[in-house]
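A.B. asks: Model the following, please.
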Amino acid sequence: MNQAEFMKIISPFKDKVFRLSRRLLVSTEEAEDATQEVLVKLWNNKEKLQNYGSVEAMAMTMTKNFCLDRLKSKQASEMRIVHSNYTDRQAGLQQQAEDRDSWEWVEKIMKNLPEQQKLIMQMRDIEQYEFEEIAKIMDMNETAVRVALSRARKTLREELTKTHSYGIKRN
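C.D. replies: Prediction:
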């Protein structure tokens, strides 16, 4: 396999690898390093890629594992898991401030979610993966993925509702 064939295989999903790395590692530099590391591993095993049903799923699994290992390592002791790659659509100043505040709350809430739920939310809600693909990447069955996603969303919704209705008495 030459470089052009390799690029043709990985081009459709290399940005997803970066976004997942960015989600887990926070630092753009760390995410770029992780992405590069995964792509180098794929290149080194380029002759075996045809044996896999989904190179993308394998790459995402490699990315997840690499990033989690990186987070567990001693040199990564100062990293945190957050989400900051959202964009607004030129809303008014008041709306921008409210949106920013909401995203900060989402980040805080997501930081307290179990690792598995964070990853599943990232892959399903941000990367738009199908449940079957997530199940393969996470080495879970689809029902467990759906349950974990449902729990994560429920926690997020409940915590945001508490935050936004603070001080409002409900009858």
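A.B. asks: Any buried residues in the longest helix anywhere in the chain, and which?
C.D. replies: The helix that spans the most residues within the chain, counting by DSSP state H, is helix 142-164. Neighbour-count burial for helix 142-164, with 16 or more other CB atoms under 10 Å as criterion, is recorded at Ala144, Val145, Arg146, Ala148, Leu149, Ala152, Thr155, Leu156, Glu159. The C-beta positions use only the backbone N, C-alpha and C, and glycine is treated the same way.
A.B. asks: any weak-confidence spans in this structure?
C.D. replies: 74-91, 166-171 (pLDDT under 70).
A.B. asks: mind redoing it with 50?
C.D. replies: Scanning the chain for pLDDT under 50 picks out 74, 76, 81-83, 85-86, 88.
A.B. asks: for it, what spans make up the helices?
C.D. replies: With DSSP H as the criterion, the chain has helices spanning 3-10, 14-25, 28-44, 55-72, 93-111, 115-121, 131-138, 142-164.
A.B. asks: Buried deepest among those, which one?
C.D. replies: Of all the helices of the chain, helix 14-25 carries the top mean neighbour count, a mean of 22, counting by mean count of other CB atoms under 10 Å.
A.B. asks: Which other helices and strands does it contact?
C.D. replies: helix 28-44, helix 55-72 (3 or more CB pairs under 8 Å, 6 or more residues apart in numbering; DSSP states H and E).
A.B. asks: hmm, try it at 10 Å
C.D. replies: When contacts are defined as 3 or more CB pairs under 10 Å, 6 or more residues apart in numbering; DSSP states H and E, helix 14-25 packs onto helix 28-44, helix 55-72, helix 115-121.
A.B. asks: Next, work out how far apart Asn45 and Ala59 are.
C.D. replies: Applying CB to CB, to the nearest Å, the value for Asn45 to Ala59 is 11 Å.
A.B. asks: intersection of neighbour lists for these two?
C.D. replies: Shared contacts of Asn45 and Ala59 (CB atoms under 10 Å, 6 or more residues apart in numbering): Tyr52.
A.B. asks: Distance of the residue lying closest to Leu113 once chain neighbours are set aside relative to Leu25?
C.D. replies: The shortest distance from Leu113 to any residue other than its chain neighbours is 5.5 Å, reached at Ala152 (CB to CB, 6 or more residues apart in numbering). Computed with CB to CB, the distance linking Ala152 and Leu25 is 20 Å.
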